[in-house]
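Novice: Build me a structure from this.
(2 chains)
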Amino acid sequence: MTAMAKEKLIFNLVRGVTYFVVIVVGYLLFDIFIKGIPTISWSFLTELPRRSGAEGGIYPAIVGTIYLVSGAIIFALPLGMASAIYLSEYASQGRLNRTIRLAIITLAGVPSIVFGLFGLGLFVLFFGFGASILAGSLTLAFMILPTIIVSSEEALQAVPMGLREASLALGATKWQTVYTNVLPYALPGMFTGSILGIGRAAGETAPILLTVAAFFLPRLPKSIFDQVMALPYHLYVLATQHPDTEKVLPMQYGTALVLIVIVVFFNLTAIILRNHYRKKIQW
Amino acid sequence: MNTWRDKVIYTILVGSASTSIFIVLLIFFFLGKEALPFINDPGFSGLFNLRWIPVSFNKEIFGLIPLITGSVLVTLLATILMIPFGVLGAIYIAEIATGRERSFLKPFIEILAGIPSVVIGFFGLVVLSPIIKDIFGLSTGLTAITGAILLALMAVPTVITVSEDAIQSVPGAYREASLALGANRLQTIFRIIVPAALPGIIAAIMLGMGRVIGETMAVLMVTGNAAKITFNPFDSVRTMTATIAAEMGEVAFGSHHYQALFWVGIFLLIMTFFINLIAQQVLKKYQMR
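Specialist: Now for the predicted structure:
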């Protein structure tokens, strides 16, 4: 075999392996889309579930997920953005900086079920919030914090040094410089990070399993101390805990489709926004 | 005036950034707080029993060994599966794909990374496990290998992204020198670029493994959850994560079973902590991030 033929053969092999992953994922999305679509209707999205999820809709699960994700973002976004500003603009190469970075890496690697245990120990039991929206949101907030910090810092780092130097040279203080010359250019990128965080929080099941989720609760929550249903947990329950899982298969596919549409929507938005700003801002 | 305001803001920013440290300490503290009473009664050595029988009329046994071997088996299988797809995928995207292909493949990989694990688990339950059952003629499709395939799929984005960064960070001069000496692209990729990027690729695989060990929902749904010591990929296994998720809802707070589940969490936390730490050190040492 000539060297060129060998190169071509192996490149095609590598291409095949890569596209095999694409095909598997494509099939997964296609399968859920095709089998989920017949279930989707206005009543499926806006009605309360009946007969432990075998009939009716998934409205409380959608609302529950929205509450949990909003709560998580309210806690995690300010904290994450402030952390990123410190790390990118203020921190010197000292011990504190190194420890913070180690902590962020550690947090990013903590398994989601361990976050659940932690939320159970701290929020549900120690603070006495009980299984509630508040406990679940806080747990999810801690989980998505590293995502928000890392992408916010990346956005801040992308702002050229010259903008900071010019501002400082004109006598502005550090914060004036950051506030007027760095943040305005970094904000779109920082929000991209939060959108990725939203996508992650919406799809997580393990942490809310232990801190908030209700098996079957066909009503809407009244306060942040209430339990709620949530889409990923609802899908888990329908698929594995329901007495007649075969019969509720259409409901499972419908729930999976709604969940995947929400998550993919947020992820795509983040990707498109990021690419847009990377292209648009030419320094 | 301005210096005063600057100081306040600085304090707020330092405080916010330090919360990450605080949270990590809190995680260790609260896991320890719930788990520690187990040491006095029924005793630490009970965790090293070979059986996990949390509910029993006679004597409950909280041996973590079958759960740990379950996690290890699934993780090793998933690692074997994710290496070819993750590493070759990264090589393809970084070195072989055209610009247009890349602008499609990269977002696609990010979408895959974002698919919730419960959806992957659901797909595994209704689509993959019947296929596994038929192909291998098993009595059930809920096996270690079923979980490993799903986990590999979930870890592939991590492996691709980090490996691709490592490949991109190989200096362009290496490539140019190799091509100038008459090597073709194939030789350049596999004898120059990949060896140079190898530490980063290994770190990528480790990060993927860290994700696999900690994954909960997919394994809970498709591995069958039998707590036994086995190294047969076609057996049902119960992983550490699945045990916590499945049993925590039914235990009495403060019971031995409850404490033992927190021990499972502590072991899990320590394992993922060291895997991630080593991977990050490798990346840092070779400046691949």
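
Novice: Which pLDDT value belongs to the closest residue in space to residue B:260 that isn't next to it in sequence?
Specialist: Excluding the flanking residues, the one nearest residue B:260 by CB to CB, 6 or more residues apart in numbering or on different chains is residue B:62, at 3.8 Å. Bear in mind the C-beta positions are built from the backbone N, C-alpha and C, glycine included. As predicted, residue B:62 sits at a pLDDT of 85.

Novice: Next, count neighbours for residue B:62.
Specialist: 22 (other CB atoms under 10 Å in any protein chain shown).

Novice: Repeat that for the one 4 residues further on.
Specialist: Counted by other CB under 10 Å, the residues lying close to residue B:66 total 21.

Novice: Contacts only, for it.
Specialist: Listed by CB atoms under 8 Å, 6 or more residues apart in numbering or on different chains, the contact set of residue B:66 reads B:50, B:51, B:52, B:227, B:228, B:229, B:238.

Novice: now swap in residue A:147 and tell me
Specialist: A:80, A:108, A:193, A:196, A:197, A:200.

Novice: Verify the stated contact: the second one with residue A:150.
Specialist: Yes: applying CB atoms under 8 Å, one finds residue A:108 in contact with residue A:150, separated by 7.5 Å.

Novice: show me where the stretch 101-250 of chain B has helices.
Specialist: B:117-123, B:129-136, B:144-168, B:172-180, B:185-187, B:194-214, B:217-222, B:240-247 (DSSP state H, counting those that start in this stretch).

Novice: Make a markdown table out of the contacts of residue B:66 and add distance to chain A, neighbour count and pLDDT.
Specialist: Listed next are these as a markdown table, based on distance: CB to the nearest CB, whole Å; neighbours: other CB atoms under 10 Å in any protein chain shown; pLDDT from 0 to 100:
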| residue | distance to chain A | neighbour count | pLDDT |
| --- | --- | --- | --- |
| B:50 | 23 | 12 | 77 |
| B:51 | 22 | 12 | 83 |
| B:52 | 16 | 24 | 84 |
| B:227 | 16 | 21 | 81 |
| B:228 | 20 | 14 | 82 |
| B:229 | 22 | 17 | 85 |
| B:238 | 13 | 25 | 91 |
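
Novice: Return the residues of the stretch 151-289 of chain B in contact with chain A.
Specialist: Contact residues (CB under 8 Å from any CB of the partner chain) of the stretch 151-289 of chain B with chain A: B:153, B:156, B:184-186, B:210, B:213-217, B:220-221, B:241, B:244-245, B:248-249, B:253, B:261-262, B:265, B:268-269, B:272-273, B:275-277, B:280.

Novice: Drop anything exposed from the residues you listed.
Specialist: Among these, those classed as buried by 16 or more other CB atoms under 10 Å in any protein chain shown are B:153, B:156, B:185-186, B:210, B:213-217, B:220-221, B:241, B:244-245, B:248, B:261-262, B:265, B:268-269, B:272-273, B:275-277, B:280.

Novice: Mind checking the pLDDT average for stretch A:81-99?
Specialist: Stretch A:81-99 comes out at a mean pLDDT of 89.

Novice: longest single helix anywhere in the chain?
Specialist: Just going to use chain A. In chain A, assigned by DSSP state H, the helix with the most residues is helix A:3-36.

Novice: Let me rephrase: I mean chain B.
Specialist: helix B:2-35.

Novice: right, is that helix up against chain A?
Specialist: Yes: using CB under 8 Å from any CB, we find that helix B:2-35 touches chain A at B:2-3, B:5-6, B:9-10, B:12-14, B:16-21, B:23-24, B:26-27, B:30-31, B:33-34.

Novice: Selection in PyMOL covering whichever of these are buried, please.
Specialist: Selecting only the buried entries of the residues of helix B:2-35 next to chain A in PyMOL, with 16+ other CB under 10 Å as the criterion:
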select buried, chain B and resi 9+13+14+16+17+18+19+20+21+23+24+26+27+30+31+34
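
Novice: dump the residue contacts of residue B:245.
Specialist: Counted by CB under 8 Å, 6+ apart, residue B:245 has contacts A:113, A:116, A:206, A:209, A:210, B:216, B:217, B:220.

Novice: One more pass at 7 Å, please.
Specialist: Residue B:245 makes contacts with A:113, A:206, A:209, B:216, B:220, as judged by CB atoms under 7 Å, 6 or more residues apart in numbering or on different chains.

Novice: Quick check: phi and psi at residue A:222.
Specialist: Note on residue A:222: backbone dihedrals following degrees, to the nearest 10 are phi -100, psi -30.

Novice: gap between it and residue A:25?
Specialist: Separation of residue A:222 from residue A:25 (CB to CB, to the nearest Å): 40 Å.

Novice: The residue of the stretch 1-150 of chain B found nearest chain A: how many residues sit nearby?
Specialist: Closest to chain A within the stretch 1-150 of chain B is residue B:116: 2.8 Å, counting by CB to the nearest CB. Residues lying near residue B:116 (other CB under 10 Å) number 26.

Novice: before we move on, back to that, run the contact check for the longest helix of chain A versus chain B.
Specialist: Yes: residues of helix A:3-36 contacting chain B under CB under 7 Å from any CB of the partner chain: A:3, A:6-7, A:10-11, A:14-15, A:17-18, A:21-22, A:24-25, A:28, A:31-32.

Novice: Show me what that helix is packed against.
Specialist: Helix A:3-36 sits against helix A:249-280, helix B:65-91, helix B:117-123, helix B:185-187, with contacts defined as 3 or more CB pairs under 7 Å, 6 or more residues apart in numbering or on different chains; DSSP states H and E.

Novice: Next step: the contacts of residue B:66 restricted to strands.
Specialist: Using DSSP state E to define strands, the subset of these located there is residue B:52.

Novice: quick revisit: quick one: contacts for the residue nearest to the residue of the stretch 1-150 of chain B closest to chain A when sequence neighbours are not counted?
Specialist: Using CB to CB, 6+ apart and skipping the chain neighbours, the partner closest in space to residue B:116 is residue A:203 (2.8 Å). Going by CB under 7 Å, 6+ apart, residue A:203 touches A:232, A:259, A:263, B:116.

Novice: Save the residues you listed as JSON lines, and put in distance to residue A:165 too.
Specialist: Converted to JSON lines, the contacts of residue A:203 look like this (distance: CB to CB, whole Å):
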{"residue": "A:232", "distance to residue A:165": "47"}
{"residue": "A:259", "distance to residue A:165": "47"}
{"residue": "A:263", "distance to residue A:165": "41"}
{"residue": "B:116", "distance to residue A:165": "44"}
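
Novice: ok, of those residues, which one's closest to residue A:180?
Specialist: If you rank those by distance to residue A:180 using CB to CB, residue A:263 comes first, at 35.8 Å.

Novice: pretty sure the closest one contacts residue B:114?
Specialist: Yes: Residue A:263 lies in contact with residue B:114 (CB atoms under 7 Å); the separation is 5.6 Å.

Novice: residue ranges with poor pLDDT in chain B?
Specialist: By pLDDT under 70, the low-scoring segments of chain B are B:1-2, B:287-289.

Novice: list the contacts for the spatially most central residue of it?
Specialist: Compute the mean C-alpha point of chain B, and by CA atoms, centre = their mean the closest residue is residue B:211, 1.7 Å away. Contact analysis of residue B:211 by CB under 7 Å, 6+ apart lists B:154, B:155, B:158.

Novice: Cool, thanks, signing off.
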